[in-house]
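>>> coordinates only, no sequence provided:
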C-alpha cells in the first residue's frame with residue numbers, strides 16, 4: 001500500500017510506550033476494567049515520573065498528542081513481571097512499576113516512551129495482551 005509506505009518512511013522508528021500486564025490477573029478474578037486501569041496507572045506514572053525527558057516531551061507535544069503509539073503486552077505472572085523489570089533496568093530502559101494499593105500487588109509496568117528500536121531486544125519475546 002502506497003500510503004502505508006509513505007507513513008513508514010516518515011516514522012521508521014516511532015516513539016512507543018510499552019505497557020506490560022500480568023496475564024494471570026484475570027484468573028485471579030480481576031475484572032477487565034480493573035486490569036485496564038492498572039495499565040493506565042502505569043502509563044501515566046511513567047510519563048509523569050520522566051516528564052522532563054526529551055522523549056516524553058516529544059511524545060506528549062501538541063503536535064504528536066493524537067498520534068501516540070502504545071503496545072500492550074503480557075507476562076505470565078508476578079515473577080515474570082519482576083524478571084522483566086530487572087531486564088529493563090539492566091538494559092537502562094526507563095520504566096515505572098505499578099503496585100496496586102493497599103494490597104501492594106505488583107500488577108503492571110510501563111516504559112517511558114522511547115524509540116521502538118531501543119526496547120525491541122528486551123521485549124521481543126512478549127506476546128500481545130489478549
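In hand now; what should we look at? Since we're looking at a predicted model, the values are computed, not measured.

>>> the nearest residue to residue 117 once chain neighbours are set aside: helix or strand, and which one exactly?
The spatially closest residue to residue 117, leaving aside those adjacent along the chain, is residue 13, at 5.1 Å (CB to CB, 6 or more residues apart in numbering). C-betas here are computed from N, CA, C, even on glycine. Element membership for residue 13 (DSSP states H and E) is empty, with no helix or strand holding it.

>>> in contact with residue 13, which residues?
115-117 (CB atoms under 8 Å, 6 or more residues apart in numbering).

>>> please pick the buried ones from those residues.
Listed as buried from the contacts of residue 13 are residue 116; burial here means 16 or more other CB atoms under 10 Å.

>>> and the contacts of residue 13, which is closest to residue 40?
Distance from residue 40 was checked for each of the contacts of residue 13 by CB to CB. The minimum falls on residue 116, at 21.2 Å.

>>> pretty sure the closest one is touching residue 16, no?
Yes. Contact criterion CB atoms under 8 Å: residue 116 and residue 16 qualify, at 4.8 Å.
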